[in-house]
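A.B. asks: Sequence first, then the predicted structure, then my questions.
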Amino acid sequence: MANLIELRNIKKIFKKDAEQELLVLDNVSFSLKEGEILAIVGRSGSGKSTLLRIIAGLSKPSAGQALYQNEPITKPVPGISLVFQDFALMPWLTVLQNVELGLEALGVPRKERRQRALKAIDTIGLDGFESAFPKELSGGMQQRVGIARALVVEPEVLLMDEPFSSLDVLTADHLRSDLLDLWSDEKKKNNGILLVSHSIEEAILLADRIVVFGSNPGHVQAIVKVEIPHPRDETSPEFRKLVDRIYTLMTTEEKIIGKGKKEIDLGYRLPDAPISQLIGLIELIAEEQETDQAVDLPKIADELMLDIDDLLSLTEVLDILHLAKEAEGDIKLTEAGLQFEKADILLRKKIFATHLLMYVPLVRHIYNILNASHNQRVSKKHILTDLEEYLSKDDAQRVLRIIIEWGRYAELFAYDDSSEELNLENPE
């Protein structure tokens, strides 16, 4: 089979200012073949959506090449369509007008684009809603409009950026099934789909091959072939074995130092992990963990109904804090994690505070600044300035938000929203 898309050593660097750079993608190489559905899975922030924008011609790589039919992609091209995660519909346009947008941009005559748009709307199951506005539609119906708008231009390559993540489970399942039915049409046998997914199960259900992304920066960690015939049964041993394999790949860290722990510095891009969810996960692992046996991550994901991004964000933080150890698709509480789970509220806070200071340099940095300050206060802006030496402005804001939550829980420091200052926790 010929390559529809070929990526050659793609690198993407975002410049924060004249001197600072943030490497988002590094040496990404793979291809999308004719008649293939290819899925990309990886931790949140690994550059998956950035890569799709490069393939769509909406962004340029800093190095390397993205090719469509052996020609470099330097701008949006007619043969490639992109379906966004958030529907991206024009609220002032009807369903029909939204679907016609792409054809209008291509200069298709009004009569022809109207006929093609009506056919696409019928195909995607929205017949009768042509004159409706997006606000009148459910989330699933809005995403159907997005898919119809992408399909109406008859692309050879359909790019989909987590297209079902905003939908409820039943609607998402229905749309996935419809997508497979549409793509099995004989007319589309030479076309291809490149899908970014936050769900391992979704990737296995749909894809012929799965690209597993590593992070910091984003890179290809492995490419897994799915050899299970359609229709695929999520409960079959072959399916569950493949789920375990991909979880194993995604929890196999490449940046290892010392005793096999992650290398964390002041500017480490900490994941979102609310304290309530961390505690809930520790308690669940303790319930499932039997006499020194690790717990299967896919099983935890099913019980908590968490997608891969949310679950691995939590397990990564527990690993960083030495409260749990994740490896090869499993997780197990450490002695400190077991002690935390059995402790009362006050002792839990002390254990958490100790581990934050020991293993999270940013927490230690803030704590030291507060102790050295004459009034034991520091402005949020000051800490953000430090963080922006390493992270983008948005990431710095996000990381500090989660650090403030952790610090408050551990009673290491407090935060005054009115003055936007952090201060040493003082119960008196």
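C.D. replies: Perfect, thanks for sending it.
A.B. asks: distance between the longest helix along the chain and the chain's centre?
C.D. replies: Determined from DSSP state H, the single longest helix within the chain is helix 393-409. Helix 393-409 sits 19 Å away from the centroid of its parent chain (C-alpha atoms, centre = their mean, to the nearest Å).
A.B. asks: How about it, which residues are buried there?
C.D. replies: Neighbour-count burial for helix 393-409 flags 395-396, 398-400, 402-407, 409 (criterion: 16 or more other C-beta atoms under 10 Å). Heads up, the C-betas are built off the backbone N, CA and C, glycines and all.
A.B. asks: What of stretch 61-80?
C.D. replies: Neighbour-count burial for stretch 61-80, counted by 16+ other C-beta under 10 Å, picks out 61-62, 64-68, 73, 77, 80.
A.B. asks: Hmm, which of those residues is lowest in pLDDT?
C.D. replies: By pLDDT, Val77 ranks lowest within those, coming in at 86.
A.B. asks: if I look at that one, how far off is Val153?
C.D. replies: According to C-beta to C-beta, to the nearest Å, Val77 and Val153 sit 11 Å apart.
A.B. asks: re earlier: now, the buried residues of stretch 61-80 that are in strands?
C.D. replies: Counting by DSSP state E, the buried residues of stretch 61-80 place 64-68, 80 in strands.
A.B. asks: list the contacts for Ser29?
C.D. replies: Neighbouring residues of Ser29 by C-beta atoms under 8 Å, 6 or more residues apart in numbering: 7-10, 64, 220.
A.B. asks: which residues of the stretch 151-300 of the chain score low on pLDDT?
C.D. replies: Applying pLDDT under 70 to the stretch 151-300 of the chain flags residues 166-168, 184-190, 253-263, 290-292.
A.B. asks: er, the stretch 1-150 of the chain I mean
C.D. replies: Residues of the stretch 1-150 of the chain that meet the cut-off, pLDDT under 70, sit at 16-20, 85-87.
A.B. asks: For it, which segments are assigned as helices?
C.D. replies: Secondary structure of the stretch 1-150 of the chain (DSSP state H, counting those that start in this stretch): helices at 48-55, 95-105, 110-123, 139-151.
A.B. asks: Including mean neighbour count and distance to Asn216, could those helices go into JSON lines?
C.D. replies: JSON lines is the format used below for the helices of the stretch 1-150 of the chain (neighbours: other C-beta atoms under 10 Å; distance: least, C-beta to C-beta, whole Å):
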{"stretch": "helix 48-55", "mean neighbour count": "21", "distance to Asn216": "13"}
{"stretch": "helix 95-105", "mean neighbour count": "21", "distance to Asn216": "35"}
{"stretch": "helix 110-123", "mean neighbour count": "17", "distance to Asn216": "40"}
{"stretch": "helix 139-151", "mean neighbour count": "23", "distance to Asn216": "31"}
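A.B. asks: Toward the C-terminus from the strand or helix carrying Ala172, list the very next helix or strand.
C.D. replies: Using DSSP states H and E, Ala172 sits within helix 169-183. As assigned by DSSP H and E, the chain's next helix or strand after helix 169-183 is strand 192-196.
A.B. asks: Parallel or antiparallel, list what pairs with that next one.
C.D. replies: Take DSSP bridges as the rule and strand 192-196 pairs in its sheet with strand 37-42 (parallel), strand 157-161 (parallel).
A.B. asks: looking at these, which is buried most?
C.D. replies: strand 37-42 (a mean of 25; mean count of other C-beta atoms under 10 Å).
A.B. asks: any idea of the angle that one forms with helix 48-55?
C.D. replies: Strand 37-42 runs at 140 degrees relative to helix 48-55, counting by axes from the mean of the first three to the mean of the last three C-alpha atoms, to 10 degrees.
A.B. asks: orientation of strand 37-42 relative to helix 169-183 in degrees?
C.D. replies: Strand 37-42 runs at 140 degrees relative to helix 169-183, counting by the same axes, to 10 degrees.
A.B. asks: Alpha carbons of strand 37-42, as CSV, please.
C.D. replies: Below are the C-alpha coordinates for strand 37-42, written out as CSV (Å, rounded to 0.1, in the frame of the first residue of the first chain):
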residue,chain,number,x,y,z
ILE,A,37,-6.9,3.8,10.2
LEU,A,38,-4.0,4.9,12.3
ALA,A,39,-4.5,6.0,16.0
ILE,A,40,-2.1,8.0,18.2
VAL,A,41,-2.2,7.6,21.9
GLY,A,42,0.0,9.2,24.6
